[in-house]
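Q: Below: sequence and its predicted model.
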Amino acid sequence: MDDASKAAHSSIKLPSLIRRRRDGLRAFSVALLVWLVLCALGCLAGGRWYQGYLVDRLRLSAAHLLGTKGTALSAAINRRLALLEGLHTFSEANVVAADFGRRFETYAAGLHAGARDVRIFAVAPGGVIRYLYPVEGNELARDLDLFRDPHTRADALRTLKTRGITLSDPYELRQGGLGMVARKSVYDRGRFWGLATVGLNVPSILSEARLDEESRFALALRDHSGRTFYGASATFSAAPVRLDVELPEGHWELAAVPKGGWQAAVRNDLLWFQAGVALAALCLAGIVSLVYERQCRLGAAVAQRTAALEESEEYNRALFELSPTGLALCRMDGRLVDVNQAFAGMLGLDVEEVLGHSYWEYTPQRYHDQEREQLDRLEKAGRYGPYEKELIGKSGQVQVRLQGRLVEHNGERFIWSSIEDVTDQKKVQADLRREHRFSEGLIDSLPGVFYLYDENLKFLRWNKNLERVLGYTHEEIAALSPLDLFADDERELLQTKIRDVFSRGASHVEAYFCTKEGERIPYFFTGLKTEIDECSCLIGIGIDISARKELERELTEMNATLETRVAERTRQLQESRVELECLVEDLKEKSDQLAAANEKLQEVDRLKSMFIASMSHELRTPLNSVIGYSSIIVNEWLGPLLPLQKENLAIVLRAGKHLLSLINDVIDVSKIEAGQIEVRPEEFDLFDLVTEAVQQLEPDIRRKGLELRVVNVHQVLMSDRRRLLQATLNILSNAMKYTEAGSIELAVLPGEGWVEVAVSDTGIGISEQEAALIFQPFQRLDSALRGTVSGTGLGLYLTAKLVTEVLRGSIRFTSKPGSGSTFTIHVPLKAGAEPAPEGA
């Protein structure tokens, strides 16, 4: 081929080569572009998958964190609400206490000492805050009407309607600072009395839950109305992890997002992943090393995240272990999986001793039905409680309050429970109720009326007697002023006395109560100033003086009558004074004459007694001979006698003995009157003495056809036996003489240091006229038997003298004409004892 042809041929092949190269470059470019697109799509898909994976792990960590924080928040709030329960119980127990303010201050100070972060403890009677603690810093809350203030009206009405605990949403308090208010209605015997209020410091609750110590996540809280009060509102619009924090009324919503957002939290890891994928697509040769390096980096990141998760879990575990509230996790069958020391301590056990045991082992049998109801509620609502019951501990039963919720882990359901020991709280409540009942009973048992009212003359407390006396109901008295209970003419005096009490401290007054029916009752009222909740009050009682007023009226009338009589008597005495002076002179002269005559009479009486004693002695000597010889002859010791002779001699013997008895009586009377009778005490058995007296007179008693009953006992005496026998024979003989039919009873009645000998008969009895003379000398009963009964009238006179002056005893009798008499001799067991009381 020549040179031109070669040149032409070359010119034809050059564009083809260029074209092939251009096509190859285009194909390579297309392939490269396709590869790059595929790599980009793969990188994008892988990035999205990995981003989702990282976000899911981060959300799981956030959910675990929220569970811990939510439990801490609930525990912190419940501990403070327990203070409200205590304040509510105290208020109901003391609503009518006169010193409610003082008691409230003492009780609230005790609560505040253990809960310094609580802003305010307050009690609002009728919805108006009257009592609060501490006062400093809360001055703006005093006298706040919760039902009228637009910020509190809705919450107060809700509390009144629910009758349970209500919790307001967090808001700026009048005292300053973010807080929320827990309230509960207080009732007095079923009637609304007021509200118990506790002001909670929201920042301290959040601080206790350590919300501000989280470094990875941004946390936010909002109330059930949707208002965010902690953290940023934007948190809730950034796809947060959410948790409902259950409250006694409603719930709070707790949300968590990573600081900077979900994308920023995983951005670094995502960039590393995308860079690795890009490098793998661009550098196939180094894909193994790059993948290995990437895995190493991923392993380090995972280790870092795992360490962070383990640290978070350790922190949450520490919260679980150190929580003062008992926490327990159990399976649905009741077997305990995890508990903290607070719960185990309630049972008096260690954690290891509790784990593995069933919750039912610590539940008394009587609560099983209640537990099943709570389990049904758990199945339906996902939560149970709060409710109260008892657990069986090592040292006895413990009162607790429980609440909890249903949780699910790895497809298995568990029960997460919070347990609070309320044993001490129940004891305090019982003590308060007992003290309230005691004070109510004490005030209502006062004999008069009791009242307590303030400087505005508003009744604060009174007793049942006030309602009974006035006829008003409890509600009517509460609406009245103390001055409404008095007439118009006495109100000015009452107002003055009330002012005296508040200015001087005490006063008293007499005034008339005006009852609901218009009756006026005189009363004596007292008043004493006292301080209750820094408010001056008047406390006092009223005593009915109607009886005293009536006596005063009668005394006034009597005094007027006496003054008239005294004036008349004074005039008469004045007129008779001269006559009396003359009469006194005459009486003095006569008195001297009578004294001289009395001395002579006493001497004559002594000589007479001596003469009678001497003559009686002289008479008794020959009479004893007559009696002795007559007895010898009658007993036929000198030979047998004819019946007539024996009968006549027996008459002589009886007459002699009777005459000797009369002479002995005369001698004894004379000796007693002359003071010459001797007392000869000896120890003897009264049984023998009574037997001897009965033996002497029983034949004569039987001879008259009378029944003789003897009640005799053994009783040792140290006394004059002969004189006691003589006295016993005298009263027994008299009973025989004056009893024609029926019976005679002689009874011995022993006593403490004394003994009585009583003789009862069914004879003629003694009239009232004769009773006054029965123990006088020479006095005999005037009856149909007077002519047939022998005697001188000295028997009972002598008996009385012997019993009283010799035996140092007493004698008494009871009698009814026609029914008989009873004479009783009462003597001491030992001679020389004190004389028997008159009429003993």
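A: Now that the structure is in, tell me what you want to look at.
Q: Show me the domain layout of the chain.
A: Under the assignment automatic domain parsing, the domains of the chain span 72-202, 325-428, 446-544, 550-677, 679-828.
Q: Figure out how far the second one is from the centre of its chain.
A: Same thing as domain 325-428. 33 Å (C-alpha atoms, centre = their mean, to the nearest Å).
Q: for it, what is the average pLDDT?
A: Here domain 325-428 scores 88 as its mean pLDDT.
Q: ok, now the last one?
A: For domain 679-828, the per-residue pLDDT values average out at 86.
Q: and what of the third one?
A: Domain 446-544 shows an average pLDDT of 90 in the prediction.
Q: Could you list the low-confidence segments of the stretch 1-150 of the chain?
A: In the prediction, the stretch 1-150 of the chain carries residues with pLDDT under 70 at positions 1-28, 32, 35, 39.
Q: contacting residues around the residue lying closest to Ile443 once chain neighbours are set aside?
A: With C-beta to C-beta, 6 or more residues apart in numbering as the criterion, Ile443 has its nearest non-adjacent residue at 4.6 Å, and that residue is Asn463. Where C-beta positions appear, they are placed from N, C-alpha and C, glycine not excepted. For Asn463, the contacting residues are Ile443, Asp444, Leu446, Val449, Phe450, by C-beta atoms under 8 Å, 6 or more residues apart in numbering.
Q: will you turn those into a markdown table that also has distance to His88?
A: Compiled in a markdown table, the contacts of Asn463 are given as follows (distance: C-beta to C-beta, whole Å):
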| residue | distance to His88 |
| --- | --- |
| Ile443 | 23 |
| Asp444 | 25 |
| Leu446 | 29 |
| Val449 | 31 |
| Phe450 | 26 |
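Q: For the buried ones among those residues, write the corresponding PyMOL selection.
A: Isolation of the buried members of the contacts of Asn463 (16 or more other C-beta atoms under 10 Å) is achieved in PyMOL through the command below:
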select buried, resi 443+449+450
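Q: can you tell which of the domains of the chain is closest to Arg437?
A: With respect to Arg437, and counting by C-beta to C-beta, the nearest of the domains of the chain is domain 72-202 at 8.9 Å.
Q: Please give the three-state secondary structure assignment for Glu740.
A: Here Glu740 is coil, with the state taken from DSSP: H, G, I helix; E, B strand; the rest coil.
Q: wait, doesn't it sit right on Gly763?
A: Yes. In this structure, Glu740 is within contact of Gly763 by C-beta atoms under 8 Å, at 7.1 Å.
Q: In terms of secondary structure, what does the helix or strand containing Lys161 contact?
A: Element membership of Lys161, judged by DSSP states H and E, is helix 153-162. Other elements packing on helix 153-162 under the criterion 3 or more C-beta pairs under 8 Å, 6 or more residues apart in numbering; DSSP states H and E are strand 166-167, strand 178-188, strand 191-201.
Q: pretty sure Gly527 is in a strand, no?
A: Yes. Going by three-state DSSP, the assignment for Gly527 places it inside a strand.
Q: what sits against it?
A: Each residue near Gly527 by C-beta under 8 Å, 6+ apart is listed here: Lys497, Ile498, Asp500, Val501, Ala506, Ser507, His508, Val509, Leu538, Ile539, Gly540.
Q: just the buried members of these?
A: The neighbour count (16+ other C-beta under 10 Å) marks Lys497, Ile498, Asp500, Val501, Ser507, Val509, Leu538, Ile539, Gly540 as buried among these.
Q: Let me know the closest of the residues you listed to Glu361.
A: Distance ranking of the buried ones among the contacts of Gly527 against Glu361, using C-beta to C-beta, places Ile539 first at 55.0 Å.
Q: neighbours of Asp445, just the number please.
A: For residue 445 the amino acid is Ser, not Asp. Applying the criterion other C-beta atoms under 10 Å, we find 11 residues in the vicinity of Ser445.
Q: cool, and Asn624?
A: Under the criterion other C-beta under 10 Å, the count of neighbours that Asn624 has is 12.
Q: The domains of the chain: which one's closest to Phe236?
A: Using C-beta to C-beta as the criterion, the shortest distance between Phe236 and these is 15.8 Å, found for domain 72-202.
Q: Tell me the spatial nearest neighbour of Ala115, not counting adjacent residues.
A: Beyond its immediate neighbours in the sequence, the residue positioned closest to Ala115 (C-beta to C-beta, 6+ apart) is Leu83, lying 5.8 Å away.
Q: contacting residues for Pro681?
A: Contact partners of Pro681, counting by C-beta under 8 Å, 6+ apart, are Met718, Ser719, Asp720, Ala831, Gly832.
Q: State the pair within those residues that is farthest apart.
A: Across those, the longest distance by C-beta to C-beta is 11.2 Å; it joins Asp720 and Gly832.
Q: These two: who's more crowded?
A: Applying other C-beta under 10 Å to Asp720 and Gly832 shows that Asp720 carries more neighbours, namely 23 against 10.
Q: my guess is the more buried one meets Arg808, correct?
A: No. Counting by C-beta under 8 Å, Asp720 sits too far from Arg808 to count as a contact (9.7 Å).
Q: just how off-centre is the helix holding Lys161 within its chain?
A: Helix 153-162 has its C-alpha centroid displaced from the chain centroid by 33 Å (C-alpha atoms, centre = their mean).
Q: Also stretch 420-440?
A: With C-alpha atoms, centre = their mean as the basis, stretch 420-440 stands 10 Å off its chain's centre.
Q: ok, now stretch 179-189?
A: Going by C-alpha atoms, centre = their mean, the spacing between the C-alpha centre of stretch 179-189 and its chain's C-alpha centre is 26 Å.
Q: ok, back up a step: if you count surrounding residues, which of Glu740 and Gly763 has more?
A: Relative neighbour count places Gly763 above the other of Glu740 and Gly763, with 25 against 14, counting by other C-beta under 10 Å.
Q: which element is Ile633 on?
A: Ile633 is part of helix 546-634, with elements assigned from DSSP H and E.
Q: If you count contacts, what does that helix end up packed against?
A: In terms of contacts (3+ C-beta pairs under 8 Å, 6+ apart), helix 546-634 is packed against strand 520-532, helix 643-674.
Q: Thank you kindly, that will do.
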